[in-house]
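>>> Quick one: sequence plus predicted model below, questions after.
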Amino acid sequence: MFNLTRRQSLTGATALVASAAMGGRAAHAQAKRILVIASNQDIPNFDPHIATGYSASMLLRNTYDSLVRTEGTPPKPVPQLAASWTASADGTEYVFKLDPAARFHDGTPVTAEAVRYSFNRLLRLNKGNAWMVAGIVDENSVQPVDAATVKIRLVKPFAAFLQVLPWLWIVNPKAVDANKGSDDGQTYLRSTIAGSGAWRVRRAEAGNLYEFERVEGGWQQGGGNLTGAIWKIVRETSTQRLMVGRGEAHIAVDLTSEDMDALKGRPGVVSIIEPEYRTFSIKMNTRHGPLADINLRRAVSWAFNYQAMLDAAGYAQLMTGPLPDGILGFDPTLAVPRMNLDKAKEFLAKSDYAKGGIKLVMNYVSGLDQQRRWGLVLLDSLRKLGIELDIKPMIWPDMVASARSPETCPDFFPVYQTANYGDPDNIAFAAYHSSRNGGWQNPVYSSPKVDDLIIRARSETDEAKRKELYVAFQKAVVEDAPDIFGVLEKRKLAMRSDVQNFHFTPVASNAIELFPLSLK
Amino acid sequence: MLRFAVRRIVLLVPVIVGLSLLIFAIARLLPGDPVTLAAGPNATQAEIADLAREFGLDQPLPVQYWHYATGLVTGDWGQSIFTRRPVLEDLKAYLPATLELVVVAMVLAIVIGIPAGLLAAVYRDRWPDYVSRVVSLGAISMPRFFLGLLLQLGLAMWLGWLPLGGRFPLTEDPPPFVTGFLTIDSLWAGDPHAFGVALAYLALPAFATCLSPLATITRMMRATTLEVLQQDYVLTERALGLSQRLIIFKYVLKNAMSSTLTVIGLYFGWLLGGTVLVETVFDWPGIGLYATKAIVTQDFMPVMGVTLTIGVLFVAVNLVVDLLYGLLNPKVRYE
């Protein structure tokens, strides 16, 4: 017989519980080749025509297919459901030949009718990513030619059309119609997948995790060796870092610069620091208050300490004008303001506020400490011009409300802008076209010249001419000085070294594609 | 006692109505523009107005409240304006995790705190008392999130005894949903392995959560026991030669428990809404994080749903506490 002391019994019990908790898991995951991704964002809705956000984009990108998918940096459209396509010379008509092998999860073939059904549902609901084709596609635009050919006639030319297609998902009409209810299948698709992607959702625990499993007999050929993947909600970035360090997660997607530094040189961990199309700028109120004076705006732009901003940003690079580095039409030779106090004082002297002595207001999103730090950089820069700055934290809904009119908009309005698709139109139109005034992406800035360039560029089908238009656009915006062009923060991921064939996507906050991934 | 309980339950109705009115008023009167936010950055003014109409936000406030109140009764607690998920469905998903955490933490706090306080009082100014006072002070001063991080670092990272976070191993299926408490559901399913695993995952967050109530209960128990020990009837019992054990457990403990019971009731309610930091550190998929996110984005319906649920639970727990007073002290009359 064993004679156990109380301490031995307690230790044994703890060890038993611990081994129960830790032991089986690793072996199970290893045997099944399950990739674990740690992220702080939940996936509350699976409806491909409603859900947005990078976590939803990740789920949809893997469980649904679109006509084309995006690949590489800068992103290029490549075949997915459409094996090939042609476009008319005027850019208003596209004909897609569907891959005959394409099947939904229930085995139903993906047909031209399914494409028409999906586009029309997207337009009908007018939610999610519908804005990407608003005014470009209407309910008569998608016309099945035969079961495997679909023609899309655009209401007006839209050069970025192929770039937005990867984010417009095709649903299975049979499954949705059978569960349509009174809300066009919204209740059904909120928690059910009716797609043709290589993955399906095996387990969904709101706020905790989402488990994917490979669709048996899926139509896609090849791919990596993963049998499953888990999107695990991990709120604290430090916990994400610990999980990758311990091998409990294979990829952590929300790490800070400090986390990346802490993981440097850690065995078995690979750091991925990639530029993405996510801009940060401090917008100025060009229509109300002192900053309506263009010379004051220029003075502020030349007084700002860009280097201090960059130093506080961690892994980042300074922006050169309104467009992100690397995107189509980006002009690296553009002359943009860099800290030069003499020049700043020159512009200040030309303004109505030659002696300074004014107080400006900057609101920032409470909790985003990086924005507060950049506000302090601005405060320090403005003092040199004799201008005071009041920095106020505000919750995001209040910020959005303040952007509604020039009168309610603060003097400085800091904004991050993520590109949803890999085309300059995404940022140019949302952040600088006057039709967006009143929204948080462009509260007040309005210029007929800039508007005209944006509209011409989005309709132009000749790439060389588009580039020229975007170069002119960038120059015009810089001349107007509506923003302090800030930084492009790099996307920071940590990944276990046994993950293979990972490809970074600079759009949609790097919605990870599972299909090509393997675990060693 | 039965009449008292029924009366208190009936009194819950005006409390809930009042609470729902108050929460509704606060949610609607807050500045900010969640509708524009939810409509997305590219929405036109017409689309924003459509969304407001869809959620009934264009109606007069009394009409909006009427719809909300009738929905509460019929089981339609509204929908999140951002995720479009029904609030009741979300509460069903998130509440059990928080309840399990809070219940286990409170059980720990009670089971350790009451004997510790009693012991400290009985051995006043001797080493058990000193230890109890120092530990209580430390526990009450330690921020929970910081303790959580220390526990993670020590017991999960360095020693590897317990998991870092979460509620159950990622790659294992949890027991079928019955109560939503994984410990109970695993026993219900007759799966001792799952029970052990669920306990292991619960250990660190429950310990981090229990420390503050544990310290308060210990200190409260010590103070009230000391007070009771100085009562004349205790002196009389001692003079009559009753054993120390009998005096403490039969006469002192019951009388010292009343105030502690009040603290337990209040703490339970407080913890229901106050676990957000522990949930964040340990990735505990509970209601705290759900509520915080809803508050930050001014997502009315989830905020109202969570507040109402916590309010009702708080009132219910305090009703149980009131009933327990009578069990502990027969002098209490339910008039």
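Now that the structure is in, tell me what you want to look at. Numbering: from 1, shown residues only, chains lettered A, B, ... in the order given.

>>> for A:Tyr94, what are its contacts?
Going by CB atoms under 8 Å, 6 or more residues apart in numbering or on different chains, A:Tyr94 touches A:Trp85, A:Thr86, A:Ala87, A:Ser88, A:Lys151, A:Ile152, A:Leu154, A:Phe161, A:Leu162. Bear in mind the C-beta positions are built from the backbone N, C-alpha and C, glycine included.

>>> a markdown table please, covering these and showing distance to A:Ala481.
A markdown table is the format used below for these (distance: CB to CB, whole Å):
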| residue | distance to A:Ala481 |
| --- | --- |
| A:Trp85 | 41 |
| A:Thr86 | 43 |
| A:Ala87 | 38 |
| A:Ser88 | 40 |
| A:Lys151 | 45 |
| A:Ile152 | 40 |
| A:Leu154 | 35 |
| A:Phe161 | 32 |
| A:Leu162 | 34 |
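
>>> can you tell me which two in those residues are farthest apart?
Within these, two members stand farthest from each other by CB to CB: A:Lys151 and A:Leu162, at 14.9 Å.

>>> out of these two, which sits in the more crowded spot?
The residue with more neighbours, out of A:Lys151 and A:Leu162, is A:Leu162; 22 against 18, by other CB atoms under 10 Å in any protein chain shown.

>>> Which phi and psi values does the more buried one adopt?
Backbone dihedrals for A:Leu162, given as degrees, to the nearest 10, come out at phi -70, psi -30.

>>> returning to that earlier point: just the ones of the contacts of A:Tyr94 in helices?
The members of the contacts of A:Tyr94 that map onto helices under DSSP state H are A:Phe161, A:Leu162.

>>> Of the contacts of A:Tyr94, keep whichever come out buried.
A:Trp85, A:Ala87, A:Lys151, A:Ile152, A:Leu154, A:Phe161, A:Leu162 (16 or more other CB atoms under 10 Å in any protein chain shown).

>>> Skip the chain neighbours and tell me the closest residue to the first one.
What that stands for is A:Trp85. A:Phe96 (4.5 Å; CB to CB, 6 or more residues apart in numbering or on different chains).

>>> Render the CA-only coordinates of the host helix or strand of the one you found in PDB, please.
Using DSSP states H and E, A:Phe96 sits within strand A:93-98. Provided in PDB are the C-alpha atoms of strand A:93-98 (Å, rounded to 0.1, in the frame of the first residue of the first chain):
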ATOM      1  CA  GLU A  93     -18.500  45.100 -68.900                       C
ATOM      2  CA  TYR A  94     -16.900  42.000 -67.400                       C
ATOM      3  CA  VAL A  95     -17.500  38.400 -68.400                       C
ATOM      4  CA  PHE A  96     -16.400  35.700 -65.900                       C
ATOM      5  CA  LYS A  97     -16.100  32.000 -66.800                       C
ATOM      6  CA  LEU A  98     -16.800  30.000 -63.700                       C
END
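
>>> Domain boundaries for chain B, per the record?
Annotated domains of chain B cover B:2-74, B:92-328 [automatic domain parsing].

>>> Worst mean pLDDT among these?
Averaging pLDDT over each of those singles out domain B:2-74 as the lowest, with a mean of 82.

>>> Just the endpoints, please. Distance across that one?
One end of domain B:2-74 sits 28 Å from the other (CA to CA, to the nearest Å).

>>> now swap in stretch A:416-428 and tell me
End-to-end for stretch A:416-428, by CA to CA: 14 Å.

>>> Distance from the chain centre to it, please.
9 Å (CA atoms, centre = their mean, to the nearest Å).

>>> Stretch A:252-265 now?
With CA atoms, centre = their mean, you get 20 Å for stretch A:252-265.

>>> Any buried residues in that stretch, and which?
Applying 16+ other CB under 10 Å to stretch A:252-265 flags A:Ala252, A:Val253, A:Asp254, A:Leu255, A:Thr256, A:Ser257, A:Asp259, A:Met260, A:Ala262, A:Leu263 as buried.

>>> among these, which are in strands?
Applying DSSP state E to those, the entries found in strands are A:Ala252.

>>> ranges for the strands of the stretch 351-500 of chain A?
A:359-365, A:388-394, A:412-418, A:483-489, A:491-496, A:499-500 (DSSP state E, counting those that start in this stretch).

>>> B:Asp50: which of these is closest?
Per CB to CB, nearest to B:Asp50 of the strands of the stretch 351-500 of chain A: strand A:412-418, 24.4 Å.

>>> Tell me, how many residues neighbour A:Thr333?
Other residues near A:Thr333 number 6, with proximity taken as other CB under 10 Å.
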